[in-house]
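1. I would like the atomic coordinates for the input below:
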Amino acid sequence: MIEQQARPEAMHWSTENCTISRTMDILGEKWMFHVLREVFVGVRRFEDMRARAEIPRQVLTDRLAALIERGLLRRVPYRVAGQRERYEYRLTKAGLDLYPVLVALVQWGDQYLPLDDGPPLLPEHRDCGEKVSVVLRCEAGHEPAPREVALRPGPGARPRIKEELA
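-> Just a heads-up that it's a prediction; the model follows:
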């Protein structure tokens, strides 16, 4: 006899206001993290970003505008003698708070998509030079394995409509 599996608890909750979906609306496009990577490593000027990351001009223009509009970057004017005013792009607090996400992507990529020559980026602590990695840590100080972390409904969770449950 085939045993019927119970429906996951998550089936009772709507995804219409999902944090992951809202975040990916901003960051889910391929070039967004490429632009952020450039700013994270200190490349702040449009032409430098375009040359280093080989991002098409219009794509870079659009992504920078979107990152500014969403509050992840801000423009800071500068002027080279004899030239018109231009802008550098700097991280806001919201942008800087994405740094652990970038380090997690590097960490995952180096583990599951390794290069024969070794990793092209090494996250290091500026003060001591040691390798930096991202870990899960609960507020009590435990470091649970991924399977020990549950995503449970929070105060903003909304029940799914009954017809959807069928």
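2. Going by C-alpha atoms from here, please, whenever you check contacts or count neighbours.
-> Will do.
3. so the residue nearest the centre of the chain, which of the three states?
-> Residue closest to the mean C-alpha point of the chain, counted by CA atoms, centre = their mean, is residue 101 at 4.7 Å. Secondary structure of residue 101, reduced to three states by DSSP: H, G, I helix; E, B strand; the rest coil: helix.
4. now swap in residue 76 and tell me
-> Note that with three-state DSSP, the state of residue 76 is strand.
5. Quick check: phi and psi on residue 91?
-> Its backbone dihedrals place residue 91 at phi -70, psi 140, with angles given as degrees, to the nearest 10.
6. I'd like to know how many residues surround it.
-> Neighbour count of residue 91, defined by other CA atoms under 10 Å: 20.
7. now swap in residue 114 and tell me
-> Residue 114 is flanked by 12 other residues according to other CA under 10 Å.
8. likewise residue 99?
-> Taking other CA under 10 Å as the criterion, the count of residues near residue 99 is 14.
9. Excluding sequence neighbours, find me the nearest residue to it.
-> Nearest residue to residue 99, sequence neighbours excluded (CA to CA, 6 or more residues apart in numbering): residue 40, at 7.6 Å.
10. Torsion angles phi and psi at that neighbour?
-> Geometry field for residue 40 lists phi and psi as phi -60, psi -40, criterion degrees, to the nearest 10.
11. Name the residues that touch stretch 119-138?
-> 100, 103-104, 106-107, 110, 143-146 (CA atoms under 8 Å, 6 or more residues apart in numbering).
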